[in-house]
Each structure stands twice: as structure tokens, then as C-alpha cells.
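> can't give you the sequence, but here's the structure:
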């Protein structure tokens with residue numbers, strides 16, 4: 001995707017999992033990747049090494065996206081180093097699973113602070129940069145935001161009220177941002193993964209019984225790969241998707257199709 005070459009791309013939570021795959025894909029597309037991480041410094045450095053080993057460019061910035069001061073400082077550092085930003089990928093997320101009646105306020109806030117407030121803070125700072133670059137006579141977007149949400153922005157998930165609420169909130173935040181910033185040609189979209197095989201849930205796929213339960217929910221017949229998500233994200237960030245804003249692409253193998261009803265319900 002030629003339009004991604006030399007773009008400055010910030011990916012939050014990019015030291016592992018889906019975030020890492022997105023970082024590697026942007027690196028392969030010729031972007032300069034900013035790898036944000038919280039406490040996995042060595043893992044972030046490995047991501048940068050992989051990108052550079054393939055001829056790409058990357059740097060790392062540590063920041064807790066749930067803290068306003070750290071987010072502001074991160075964006076200031078990006079502006080100082082690169083003169084601005086072209087793409088924000090709001091990827092960082094957290095889960096704290098509890099039965100609803102046992103969920104504490106701390107459990108609730110731990111997820112909302114990252115998965116929703118963190119997305120807000122990063123999107124706000126990115127929007128300020130993008131708006132300053134807007135020109136009435138330009139036919140191109142001055143900046144793109146992509147929010148990584150989840151099929152659980154729509155599908156309830158027992159023991160994860162905090163997570164589902166945060167993802168649904170992030171999806172509506174994206175739509176509102178897209179609506180408000182469209183006159184500036186700033187695009188905002190979301191990618192909603194389904195059951196994607198990552199280090200966090202790999203044990204569920206190794207357990208035959210748990211794997212079978214997961215696969216029953218996926219009409220397409222295979223779990224998602226982190227590369228599936230990265231492909232959707234990079235396409236949305238490219239000029240090929242220039243007329244798309246305010247939309248969510250569900251990369252879920254049909255999980256939202258309610259697989260049980262394929263057999264009569």
C-alpha cells in the first residue's frame with residue numbers, strides 16, 4: 001500500500017498480540033512505527049528489532065494510556081521527533097473477569113480506564129494534531145484513527161460486563177469522533193476482532209473441550225489470526241479506504257452470524 005509509506009503510525013499496546021502484528025504489518029508497508037508499551041520493554045524492543053530486520057523503521061515510547069499526563073507527553077514526544085502523526089491505532093486493552101455481583105469498582109475501573117478512557121485520551125490528542133494539519137484545498141485526510149474494539153461491543157459475555165461496556169463505549173466514541181471530525185477529512189473507524197488466537201488465550205485452543213466450544217461459535221471454521229486483524233487495520237489506514245469513516249469492520253469468521261441458528265436454533 002503505497003499510501004502508507006513514510007507515514008508516522010502510533011500503535012498503543014504494541015508489544016504483543018494483536019498490537020504487535022499490526023506494528024509488524026505497518027513496518028512492512030514502509031511506515032515509521034511508534035510502538036507504545038506499558039511495562040513490556042524487552043518485548044517492545046523485540047518488535048522494533050523485527051521491524052528493522054525487515055528493512056522497516058520503528059521506535060518505542062513507554063506510556064500508560066489511562067493517565068492523561070503520560071498520554072499528553074507521548075504525543076508531545078512524537079510531535080517533537082517526527083513533526084506530527086498520520087495514523088493512530090487505539091489497540092491497548094485489558095480484561096479483569098468477574099461474576100457481575102462480585103465485580104468491584106476497582107475491577108470495573110481497571111478495564112474502563114484503559115479500554116475506553118485510554119482510547120478517548122489518545123484520540124483527543126491525535127485529533128488535535130490532525131486538525132492543525134487540515135487544509136481546505138486538500139483532497140486527502142490529514143489523519144486516520146482506528147479503534148480496536150471487539151465482537152463484544154455487540155455480543156454480551158458473562159463475567160465480563162466491564163469489558164463489554166468498554167468495547168461498546170469505544171465503538172460509539174469512534175462513531176461520534178468520526179461524525180464530528182468528518183468536515184476536517186479526519187477518518188475514524190474500528191476493527192472488531194472475534195476469537196483470535198493469541199498468547200493470552202492459547203491454552204483455550206489447546207484444550208480440546210474448550211476449543212470445541214469456541215469453534216461452535218465460528219461459522220467460518222477456524223480461529224482468527226493476529227495477521228487477519230493487521231490486514232484490516234492497514235487497509236483502513238490506507239488511501240484505498242479514504243471514503244470510509246464511522247464504520248466497524250468485524251473480523252470474526254462470522255461469529256456475529258449467531259452460529260447456533262445455522263442448525264435451526
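Structure received. Computed from a prediction, not measured in an experiment: that's the story for all the values here.
> how far is the helix or strand of the chain with the lowest mean pLDDT from where the chain is centred?
One helix or strand of the chain scores below all others by mean pLDDT, DSSP states H and E: helix 202-206, with a mean of 90. Mean-position distance between helix 202-206 and its chain equals 23 Å (Cα atoms, centre = their mean, to the nearest Å).
> State the distance from residue 264 to residue 252.
22 Å (Cβ to Cβ, to the nearest Å). Bear in mind the C-beta positions are built from the backbone N, C-alpha and C, glycine included.
> more neighbours, those two?
Neighbour count, other Cβ atoms under 10 Å: between residue 264 and residue 252, residue 252 has more, with 22 against 5.
> Leaving out sequence neighbours, find the closest residue to the more buried one.
Distance criterion Cβ to Cβ, 6 or more residues apart in numbering; nearest residue to residue 252, sequence neighbours excluded, is residue 194 at 2.7 Å.
> Then residue 260?
Residue 260 sits nearest to residue 216 (Cβ to Cβ, 6+ apart), 7.5 Å away.
> For the stretch 151-265 of the chain, which segments are assigned as helices?
Taking DSSP state H, counting those that start in this stretch as the criterion, the stretch 151-265 of the chain carries its helices at 161-181, 202-206, 208-215, 226-237.
> Out of those, which gets nearest to residue 11?
helix 226-237 (8.7 Å; Cβ to Cβ).
> Tell me the helices and strands packed up against the closest one.
Secondary-structure packing of helix 226-237 (3 or more Cβ pairs under 8 Å, 6 or more residues apart in numbering; DSSP states H and E): helix 17-28, strand 87-90, strand 144-148, strand 187-193, strand 248-251.
> now do 6 Å
Packed against helix 226-237, as judged by 3 or more Cβ pairs under 6 Å, 6 or more residues apart in numbering; DSSP states H and E, are the following elements: helix 17-28, strand 144-148, strand 187-193, strand 248-251.
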